[in-house]
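Asker: coords below, sequence missing:
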């Protein structure tokens, strides 16, 4: 085997290691974004008396819906992760150099106990009072699990000379279990947060419906819109009948359909008007 072959294999192994390390987090993040977008849209549609399938959202639509709300939290999480990695590298170096080893191990033990207590209390609060605490409890539990695991690893590193090292199979099982728990907790927290955000956005439509684009719908046939806030005006004649509908506000165009609210719309007793995006009607928009 030549030196070039050895270097080539080493480079390939490092590349595979990087891909395997980056791939799962990216996959989990994408799945979380999609699930957040779907859960938010589903809760928002349900609060408005609709089914989310009516909007015909695609996977890309759900991802775009979620990014707007999760952009700041994701930036904060990434920044915290960078700081965490720097702190972990510093503490591991000090343990290996035997500088403050006892203090670090004592602090790691306390951190593991406190993190376990946080996980337990958060779980109890999430089960007992879901209306107020469940929104953030899954995230606190995920953080507690990660911190506790990190503290245990630091103590294991500091006591490596007295405690037998885990085998590769044991480390793989441990990592898989921890990642599975954290992933499930993130999905739990994402669902609760997305549903709360979706319901809040539906309520916000009541206060902001007057700022939505005003729409006038023209149709050669009566549409029979049941809302009293929408007025029907006959603007054509007997030979060329034409009906105009006023009082509509554009909500969204999705899945080949126009979704309209009306002036004074409210989630309690409002009506969502759905019209096809085709040549059967003509729509004019204005402020």
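Answerer: Cool, the structure landed. This one's a predicted model, so the numbers in the text were calculated from it and none came from an experiment. Residues are numbered from 1 along each chain as shown.
Asker: the helices in the stretch 51-200 of the chain, which residues?
Answerer: For the stretch 51-200 of the chain, the helices defined by DSSP state H, counting those that start in this stretch cover 59-96, 101-128, 137-158, 168-208.
Asker: So which of those helices is the most surrounded?
Answerer: helix 137-158 (a mean of 20; mean count of other CB atoms under 10 Å). (Each C-beta comes from the backbone N, C-alpha and C, glycine too.)
Asker: Name the residues that touch that helix?
Answerer: Residues from elsewhere that reach helix 137-158 (CB atoms under 8 Å, 6 or more residues apart in numbering): 84, 88, 91-92, 95-96, 101, 104-105, 108-109, 111-112, 115-116, 118-119, 122-123, 125-126, 163, 166, 178, 181-182, 185-186, 188-189, 192.
Asker: hmm, 7 Å instead?
Answerer: Residues external to helix 137-158 that are found in contact with it (CB atoms under 7 Å, 6 or more residues apart in numbering): 88, 91-92, 95, 101, 104-105, 108-109, 111-112, 115-116, 118-119, 122-123, 125-126, 163, 178, 181-182, 185-186, 188-189, 192.
Asker: on that earlier part again, out of the helices of the stretch 51-200 of the chain, nearest to residue 217?
Answerer: Residue 217 lies closest, by CB to CB, to one member of the helices of the stretch 51-200 of the chain: helix 168-208, at 19.3 Å.
Asker: list the helices and strands the closest one packs on?
Answerer: helix 3-47, helix 137-158 (3 or more CB pairs under 7 Å, 6 or more residues apart in numbering; DSSP states H and E).
Asker: Next secondary structure element downstream of it?
Answerer: Next helix or strand after helix 168-208 toward the C-terminus (DSSP states H and E): strand 214-219.
Asker: downstream neighbour of that next one in the secondary structure list?
Answerer: Taking DSSP H and E, what comes next after strand 214-219 is strand 231-234.
Asker: care to break the chain down by domain?
Answerer: Here the domain parsing of the chain from automatic domain parsing is 3-207, 212-286.
Asker: and these, which one is worst for confidence?
Answerer: Note on those: domain 3-207 shows the lowest mean pLDDT, a mean of 79.
Asker: any idea which element residue 275 lies in?
Answerer: Counting by DSSP H and E, residue 275 is found in strand 273-276.
Asker: contacts for stretch 269-277?
Answerer: Residues contacting stretch 269-277 (CB under 7 Å, 6+ apart): 48-50, 54, 217, 225-227, 248, 253, 256-262, 281.
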